[in-house]
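Engineer: When you get a sec, could you give me coordinates for this:
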Amino acid sequence: MWGQQLAGRLVVLQIDSIVVLYCLESISSKTLVFIPLLRAIADILLLLDIRLKLTYVSTTANILADCLSRGGTGFQ
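Structural biologist: Presented below is the predicted three-dimensional model:
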């Protein structure tokens, strides 16, 4: 579905979690529940030659995404 559209491309992600940013940058985690997900992400990235550009955005600057993750309430 979307995988072929992203194949060979650079995907830019803005992340407001330092933990998630570290996990994706290193494709590793000390938290065991993250490991299968990170492996699946790595497999897809390698299979489809997708490159990630990860940037940190503070939670306070990430207003729209924070609002959407909370059910769309509070955004004006």
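
Engineer: Give me the buried stretch members for stretch 16-33, please.
Structural biologist: Neighbour-count burial for stretch 16-33, with 16 or more other C-beta atoms under 10 Å as criterion, is recorded at 16, 21, 23, 24, 29. For glycine as for every other residue, the C-beta is placed from the backbone atoms N, C-alpha and C.

Engineer: repeat for stretch 37-52
Structural biologist: 38, 41, 45, 50.

Engineer: on that earlier part again, quick one: which of the buried residues of stretch 16-33 is nearest residue 70?
Structural biologist: residue 16 (12.9 Å; C-beta to C-beta).

Engineer: List the residues that contact the closest one.
Structural biologist: When contacts are counted by C-beta atoms under 8 Å, 6 or more residues apart in numbering, residue 16 touches 56, 57, 58, 59, 61, 62, 65, 66.

Engineer: Between the residues you listed, identify the one with the most neighbours.
Structural biologist: Neighbour tally across the contacts of residue 16 (other C-beta atoms under 10 Å): the maximum, 17 neighbours, falls on residue 62.

Engineer: Excluding chain neighbours, what is closest to it?
Structural biologist: residue 16 (4.4 Å; C-beta to C-beta, 6 or more residues apart in numbering).
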